[in-house]
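# sequence first, then the predicted structure, then my questions.
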Amino acid sequence: MDHTSSPVLPLETLRAFEAAARTGSFSSAAEKLNVTHGAVSRQVAKLESWLGLRLFDRRARGVALTIEGQRLFQRTSEAFALIADTSDRWSEPRGAAVVRVSSIPSVSGLWLIPRLSRFEAGPTPLRIILHVDHRQTDLGDEGIDLAIRCGRGAIPGRISLKMFEEWCFPIASPGLAAKIGDGPPARLLDHPLIHDSDASGWRAWFAAHQIDYRPRPQDRRFEDYNLVLDAATHGLGIALARPPLAEELLMAGRLASVDANTVLNPVSYWLDRPAGQPRQAAMELARRIGAEAGLDPRKLENFLTTG
């Protein structure tokens, strides 16, 4: 693909290009950026494809800039210097102990952040950089070491390991839960139901009771599970508890169980990583996450050494 098919310069490629140009090596650039050699190579190839120019001569020992590459390096160096010349900026930490983790907002806020200090502590201290995003990005191209997501299976191009499943049950604010009381499952349909962008959990819960549920106008939909729980705590309807994401609110008494019947959510939690050899810090964090999730150590080691 050349630049005529994409009017926006892929800015994420420039950092990889600049590092490779400055060090004269994709491997050295990868070490400087704390990503894999393959990630740097792919970013540079993407930039060359966009520009329609060859920026490096690949040699047996490192790389050398072409004439076009030298021109771009001069301009990017000036641009980066301009960006850096500001007194009020945030610089992302770098170093061998830095691990970049990607996840969606609900998993980040409800599962990762409460455990972040424990994951970073230990005999080998780590620094976790959390990338919160709904997109299913190419982890290698984005420089992501690990990802935690909700999904129905493995994603092509990633090494995936199922972390845990969800046995869901209906919950509401204590006041609404008391009003609903005990009774047959169908009584829940007298109240608004709350779900995120995927209502399959509610469909599965009602299907277990031979009820065909389809979202109704009075039901409420939010794009993220964080908002689903917020709406439930404010008495706007009934939500499904998705352990372990709802555990803290239930333990704090801000939400209460409405019905003890549980159902297996079609969506599970997955730990993903890019193909290739993980960095040592990423492997250490994966082991800490695996221990917290109760993963079989043998499956975890296979996840870390496969691909």
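Noted; the coordinates are in hand. What you are looking at is a predicted structure, and each value in this text was computed from that prediction instead of being measured. Numbers count the residues shown, from 1 in each chain.
# dump the residue contacts of residue 270.
Going by Cβ atoms under 8 Å, 6 or more residues apart in numbering, residue 270 touches 148-151, 154, 160-163. Any C-beta I mention is one placed from the backbone N, CA and C, and that applies to glycine too.
# let's see 7 Å
Contact partners of residue 270, counting by Cβ atoms under 7 Å, 6 or more residues apart in numbering, are 149, 151, 160-163.
# show the average pLDDT along stretch 299-307.
Regarding stretch 299-307, the rounded mean pLDDT is 90.
# return the set of buried residues in it.
Neighbour counts using 16 or more other Cβ atoms under 10 Å place 300, 303-304 of stretch 299-307 among the buried residues.
# can you list the domains in the chain?
In terms of domains, the chain is parsed into 3-84, 98-163+268-305, 167-264 (source: automatic domain parsing).
# now do the shortest one: distance to the chain's middle.
Translated: domain 3-84. Put simply, domain 3-84 sits 26 Å off its chain's centre (Cα atoms, centre = their mean, to the nearest Å).
# confirm residue 42 sits in a helix?
Yes. Counting by DSSP: H, G, I helix; E, B strand; the rest coil, residue 42 is located in a helix.
# just to revisit the earlier point, mean pLDDT for the domains of the chain: which is lowest?
Among these, domain 3-84 carries the lowest mean pLDDT (a mean of 82).
# all strands for the stretch 51-200 of the chain, in order.
Assigned by DSSP state E, counting those that start in this stretch, the stretch 51-200 of the chain shows strands spanning 56-58, 63-65, 98-103, 127-132, 146-151, 158-164, 167-172, 194-195.
# nearest to residue 279, of those strands?
Smallest distance to residue 279 across those (Cβ to Cβ): 7.7 Å, for strand 98-103.
# the closest one relative to strand 127-132, how many degrees between them?
Counting by axes from the mean of the first three to the mean of the last three Cα atoms, to 10 degrees, strand 98-103 lies at 20 degrees to strand 127-132.
# quick one: contacts of strand 98-103?
Contacts of strand 98-103 (Cβ under 7 Å, 6+ apart): 34, 112, 126-133, 139, 143-149, 281-282, 285.
# each with direction, which strands does that strand pair with?
Neighbouring strands of strand 98-103 in its sheet, by DSSP bridges, are strand 127-132 (parallel), strand 146-151 (parallel).
# run the chain-centre distance for the first one.
Looking back up the chat, that one is strand 127-132. 9 Å.
# please save the CA atoms from that strand in CSV.
The C-alpha coordinates for strand 127-132 follow below in CSV (Å, rounded to 0.1, in the frame of the first residue of the first chain):
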residue,chain,number,x,y,z
ARG,A,127,6.7,-1.0,35.8
ILE,A,128,3.4,-1.6,34.0
ILE,A,129,2.3,0.8,31.3
LEU,A,130,-1.4,0.3,30.7
HIS,A,131,-2.9,0.9,27.3
VAL,A,132,-6.7,1.1,27.5
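# returning to that earlier point: in PyMOL, select just the buried ones from the contacts of strand 98-103.
Provided next is the PyMOL selection string for whichever of the contacts of strand 98-103 are buried by 16+ other Cβ under 10 Å:
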select buried, resi 34+112+126+128+129+131+133+139+143+144+145+146+147+148+149+281+282+285
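# the residue nearest to residue 214 when sequence neighbours are not counted - how many residues pack around it?
Excluding its sequence neighbours, the residue lying closest to residue 214 (Cβ to Cβ, 6 or more residues apart in numbering) is residue 203, at 7.6 Å. Residue 203 has 18 neighbours, counted by other Cβ atoms under 10 Å.
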